[in-house]
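okay, predicted coordinates and the sequence, questions at the end:
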Amino acid sequence: MLDLDSLPHPLWVLGTGTGVGKTHVSSRIAQAWAAHGPVTYRKPFQTGVDRADHPDADATAVRGPGIATESHVLLKEPLSPLAAAQREGQVLDLDATARWCLRPAEGRVLLEGVGGLMVPLAPKTHFLGWSTDLKVPCVLVALGGLGTLNHTLLSAEALMLRGWRIEAVLLNPGADGTDPAIAEENARILRGFLPIHIHVVN
């Protein structure tokens, strides 16, 4: 497994889609960092909850000793930020959210994305298009099993074409119940296509 403490900060935890385990990986990284100093976890967009301390909020899952958690945009419907905001009659201020992400903090800063890379945030603006301008490196989280090769290669290529620094690809077999041996095989295949560190989350 990757040495999580060696990862740079600030750092995005991004995913190839919804339900791949971004929050689980964020928690693992935050805990590893917190062993050496304070950590600030930031979730700029959270849908499906109405408050930051909701039991289902990602910040609730990551919070722990030495880990401060911050949430910015909270939307009730479990939809894309664009669709959820439209249901509430809101227009998201993406410039303000970018400034919020980059605010100074004590210790290391960990940012978690929302959904997949191209989830819509506003008309004609998806997450990848918005977040690229922040110039923060990332780890990319993917499922361990069937379909992950295609989704991971597409996502990694989209990031690389926009100039992102991908610190690692992390296959998460726990998210889809994949046999870890199959996830390791998929990781081996991906290493033949991508010039990136690829690991299986255990």
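Arrived safely, thanks for sending.

next one: phi and psi at Leu82?
Main-chain dihedrals, Leu82, degrees, to the nearest 10: phi -60, psi -50.

which ones are touching it?
Neighbouring residues of Leu82 by C-beta atoms under 8 Å, 6 or more residues apart in numbering: Leu92, Val119, Pro120, Leu121, Ala122, Pro123. Backbone N, C-alpha and C define where each C-beta goes, glycine included.

same thing with Thr152?
By C-beta under 8 Å, 6+ apart, the contact set of Thr152 is Thr16, Leu140, Ala142, Val169, Leu171, Leu190, Leu194.

with adjacent residues omitted, what lies nearest to it?
Spatially, and ignoring its direct neighbours in sequence, Thr152 is nearest to Ala142 (4.5 Å; C-beta to C-beta, 6 or more residues apart in numbering).

which of the contacts of Leu82 tops the neighbour count?
Counting neighbours by other C-beta atoms under 10 Å, Leu121 leads the contacts of Leu82 with 25 neighbours.

wait, doesn't that residue sit right on Phe45?
Yes - applying C-beta atoms under 8 Å, one finds Leu121 in contact with Phe45, separated by 7.0 Å.

okay, and the common contacts of the two?
Common neighbours of Leu121 and Phe45 (C-beta under 8 Å, 6+ apart) are Pro81, Leu92, Phe127.

next step: the residues you listed restricted to helices.
Pro81, Phe127 (DSSP state H).

just checking, Gly174 is part of a helix?
Yes - Gly174: assigned to a helix according to DSSP: H, G, I helix; E, B strand; the rest coil.

and the pLDDT at it?
Here, the pLDDT recorded for Gly174 equals 94.

this protein: helices as residue ranges?
Going by DSSP H, the chain shows helices at 22-34, 58-62, 81-87, 94-101, 127-131, 148-161, 173-176, 180-191.

backbone dihedrals for the residue of the chain most remote from its centre, please?
No residue in the chain has its C-alpha farther from the mean C-alpha position than Gly89, which lies at 26.1 Å (C-alpha atoms, centre = their mean). Phi and psi for Gly89, reported as degrees, to the nearest 10, are phi 70, psi 30.

for Trp100, see how far away it is.
21 Å (C-beta to C-beta, to the nearest Å).

okay, buried residues for stretch 46-58 please.
Gln46, Thr47, Val49, Ala52, His54, Ala57, Asp58 (16 or more other C-beta atoms under 10 Å).

pull the contacting residues for the second one.
In this case it means Thr47. Leu75, Lys76, Glu77, Pro78, Leu79, Ser80, Pro81, Ala84, Val114.

filter those to the buried ones?
Applying 16+ other C-beta under 10 Å to the contacts of Thr47 flags Leu75, Glu77, Leu79, Ser80, Pro81, Ala84, Val114 as buried.

beta partners for the first one?
I take that to be Leu75. Thr47 (DSSP bridges).

per-residue confidence at it?
pLDDT, read off for Leu75, is 97.

I'd say it and Gly89 touch.
No - using C-beta under 8 Å, Leu75 is not in contact with Gly89, being 11.3 Å away.

my guess is Asp132 contacts Met160. True?
Just so we're on the same page, residue 132 is Thr rather than Asp. No - in this structure Thr132 lies outside contact range of Met160 using C-beta under 8 Å: 11.4 Å.
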